[in-house]
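> for reference, the sequence and a predicted model appear below.
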Amino acid sequence: MKKISVWASGNGSNAENLINCFQNHSEIVVEHILTNNPEAGVIERAKRLNIPCFVLSRAAFRDGSEVLNLLSNVQFVVLSGFLQLVPANVVQAFPNAIINIHPALLPNFGGKGMFGHHVHEAAIAAGVSESGITIHLVDEVYDNGKILLQKTCPVLPGDTPDTLAARVHELEYEWFPVAVENYILKSR
């Protein structure tokens, strides 16, 4: 059984989707959730779904040693709206085993500060005709690792960050669990 740690900083809808998708999986299980935000909605979702959730300070995440202790029993880390750079010692301890989702087509609209509505505002302002999602491996630079999957959706005339975000979220809910499962099972 491959155990994953899901990290989230916000509402946690993608984290909940992953938990639900792997709930009865024969080879993958969500071991726990880690968050750096004591107000994150993902905490309540974890309680409701009976998944252990650990709230660590931003400083503890930056240091990484407490994080590594919590990860001693997992094989993969999945970032699901986690808004902090993964520390180098964690990246090095989990080479090619940390997966992130980004709400744009990398390398466009990625990097520090590019999350949530900031990404959709930038895509609309740039006048691109399509946006989408990128699921990629994590290295020591924001949004820089090997791309595992990209899926697109149109950017329509008159789109707002909210309307574009809704289409991007649909892609996230459909494809994130698929990409995570495919990568983990191929990594046996």
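Structure received. Numbers count the residues shown, from 1 in each chain.
> lowest-pLDDT helix or strand in the chain?
Lowest by mean pLDDT, DSSP states H and E among the helices and strands of the chain is helix 58-63, with a mean of 91.
> ok, residues contacting the helix or strand just after that helix?
The helix or strand immediately downstream of helix 58-63 is helix 65-70, counting by DSSP states H and E. Residues outside helix 65-70 that contact it (CB atoms under 8 Å, 6 or more residues apart in numbering): 5, 32, 34, 54, 56, 60-61, 87, 89-90, 93. Placement of C-beta: from N, CA and C, glycine included.
> which residues touch the least confident helix or strand of the chain?
Residues outside helix 58-63 that contact it (CB under 8 Å, 6+ apart): 36, 66-67, 84, 87.
> now list the buried members of the residues you listed.
36, 67, 87 (16 or more other CB atoms under 10 Å).
> which of the residues you listed has the weakest pLDDT?
pLDDT across the buried ones among the contacts of helix 58-63 is lowest for residue 87, at 93.
> give the contact list for the residue nearest to residue 105 when sequence neighbours are not counted.
Take residue 105 and drop its neighbours on the chain: the residue closest to it by CB to CB, 6 or more residues apart in numbering is residue 132, 5.0 Å away. For residue 132, the contacting residues are 104-105, 150-153, 168, 171, by CB under 8 Å, 6+ apart.
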